[in-house]
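# turn this into a model:
(one chain, ligands or ions: 1)
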Amino acid sequence: MKTYKIAAIPGDGIGAEVVSAGIEVLQALAKRDGSFEFLVDDFDWGGEYYKKHGRMMPGDGLDQIRNHDAILFGSAGHPDIPDHVTLWGLRLAICQPFDQYANVRPTRVLPGITSPLRKVNDKELDWVIVRENSEGEYAGVGGRVHQGSPLEAATDVAMFTRPGVERIMRFAFRLAQTRPRKLLTVVTKSNAQRHAMVMWDEIATEIAREFPDVTWDRMLVDAMTMRMVMRPQSIDTVVATNLHADILSDLAAALSGSLGIAPTANLNPERHYPSMFEPIHGSAFDIMGKGIANPIGTFWSAVMLMEHLDENPAASRLMEAIEQVTADPRFHTPDLGGSATTDDVTAAVIDAIRGANV
Ligand code: ATP
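Purely as a prediction, here's the structure:
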């Protein structure tokens, strides 16, 4: 029996609700499979922890989770704490030192879900967005001076390194190569940002030579938003910078029917450190504690976690269970126009796991 150690970091808001649902589903999956088990350690880091200790996670937090096989993360954010404090204090404080440079965001219109794009189904909208997750606009380079004076000035410098761009580009080409259409769109803004974005374009051309079987094209990010809406079927795999892909993937999540469905993986592809899996959505304080958070984004993230552990049959079983459940409107939470609760959806997915014939 294989044992996987999972670090669960529910964080704030609905994070706690969806992560506990995610763990229940993972345990059901392990029970159904019988060849592996999960040992789950819970970490109470986040906004409430900050209020008690003045920091989002303990000083030795990374050492506490360094040897886990994967991290299941909920959300960091607190109405009383500035967003940049919660983000840099927890999520980025894990992603950056653990070199989780590839942020992977699949988007698909699941069975039973209606996209706001008319007539679009899973054949026409089936994308994976790869977001550079370690540098670029979110590198944290910059500063602020003369605060409180009329001379106040601030900079956020987008920093791109050749190795950083090469590795994400290679990752994206490799991923595109594994998908049936073998099609990659490289998104930049190299008309206006004429230094680093031009370097992106050049590196894309170089790396493309290593993948002659992958068809690729280039888009400016503004034009890409239009293409996502007007010609969704022309897109398959996408790679973009930290900022650009952050925005494009929220659009993608909305086009797939709800922010509550979208999953993401923060991968350290070399596996020197644990990778982290989380729903795209944030803490959603407006619905916290009501028991109506859609857990599907977390369940789909758990599919990615299982794939990362190379437990592919179990990953497929979970994805199939998710699709069986979304296909049934009785299990749609209010964000999808239904009246199901988080518990209803979780129970239905667990039932589907138990009965799924994969
Ligand atoms: P944060 O500041 O932590 O990013 P936020 O509340 O600003 O959080 P999100 O949580 O990403 O932003 O979501 C915006 C809105 O979408 C929420 O207010 C909520 O109404 C809805 N939403 C997000 N996730 C879910 C979910 N899993 N289930 C149902 N509704 C959701």
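# contacts, neighbours, all on C-alpha from now
OK.
# ends of stretch 145-165, how far apart?
30 Å (CA to CA, to the nearest Å).
# okay, buried residues for it please.
Within stretch 145-165, the residues scored as buried using 16 or more other CA atoms under 10 Å are Ala158, Met159, Phe160, Gly164, Val165.
# can you redo the residues you listed as JSON lines, where the extra columns are secondary structure and distance to the ligand?
Listed next are the buried residues of stretch 145-165 as JSON lines, based on DSSP: H, G, I helix; E, B strand; the rest coil; distance: CA to the nearest ligand atom, whole Å:
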{"residue": "Ala158", "secondary structure": "strand", "distance to the ligand": "22"}
{"residue": "Met159", "secondary structure": "strand", "distance to the ligand": "24"}
{"residue": "Phe160", "secondary structure": "coil", "distance to the ligand": "25"}
{"residue": "Gly164", "secondary structure": "helix", "distance to the ligand": "26"}
{"residue": "Val165", "secondary structure": "helix", "distance to the ligand": "26"}
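# just give me the closest of these to Ala293.
Proximity of these to Ala293, judged by CA to CA, is greatest for Ala158, which lies at 34.6 Å.
# against Ala245, how distant is the closest residue to the closest one other than its chain neighbours?
Of all residues beyond its chain neighbours, the one nearest Ala158 is Glu137 (3.9 Å), with distances taken as CA to CA, 6 or more residues apart in numbering. Applying CA to CA, the value for Glu137 to Ala245 is 11 Å.
# when these two are compared, which one has more neighbours?
Ala245 (25 against 18; other CA atoms under 10 Å).
# that one belongs to a helix, doesn't it?
Yes. If the criterion is DSSP: H, G, I helix; E, B strand; the rest coil, then Ala245 is within a helix.
# near the ligand, which residues of the stretch 51-200 of the chain?
Neighbours of the ligand within the stretch 51-200 of the chain, by CA under 6 Å from any ligand atom: Ala76, Gly77.
# residue in the stretch 51-200 of the chain nearest to the ligand?
Using CA to the nearest ligand atom, the point where the stretch 51-200 of the chain gets nearest to the ligand is Gly77, with a distance of 4.4 Å.
# in the stretch 251-358 of the chain, which spans are strands?
263-267, 275-279 (DSSP state E, counting those that start in this stretch).
# turn the ones you listed into JSON lines, columns for distance to Met226 and mean neighbour count.
Rendered in JSON lines, the data for the strands of the stretch 251-358 of the chain read as follows (distance: least, CA to CA, whole Å; neighbours: other CA atoms under 10 Å):
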{"stretch": "strand 263-267", "distance to Met226": "23", "mean neighbour count": "26"}
{"stretch": "strand 275-279", "distance to Met226": "25", "mean neighbour count": "29"}
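# among the ones you listed, which is nearest the ligand?
Across these, the minimum distance to the ligand, taken as CA to the nearest ligand atom, is reached by strand 275-279, at 7.7 Å.
# dump the residue contacts of the closest residue in space to Met304 that isn't next to it in sequence.
Excluding the flanking residues, the one nearest Met304 by CA to CA, 6+ apart is Ala265, at 6.7 Å. With CA atoms under 8 Å, 6 or more residues apart in numbering as the criterion, the residues that contact Ala265 are Ala102, Asn103, Val104, Arg105, Ser275, Met276, Phe277, Glu278, Ser301, Met304, Leu305.
# with respect to Ala204, which of those residues is nearest?
Here the nearest of these to Ala204, counting by CA to CA, is Ala102; it sits at 15.8 Å.
# just checking, that closest one touches Leu267?
Yes. Contact status for Ala102 versus Leu267: in contact at 5.1 Å, counting by CA atoms under 8 Å.
# name the nearest residue to the residue of the stretch 51-200 of the chain closest to the ligand, ignoring sequence neighbours.
Spatially, and ignoring its direct neighbours in sequence, Gly77 is nearest to Thr86 (5.5 Å; CA to CA, 6+ apart).
# is it true that that neighbour lies in a strand?
No. Membership of Thr86 in a strand is not supported by three-state DSSP, which gives helix.
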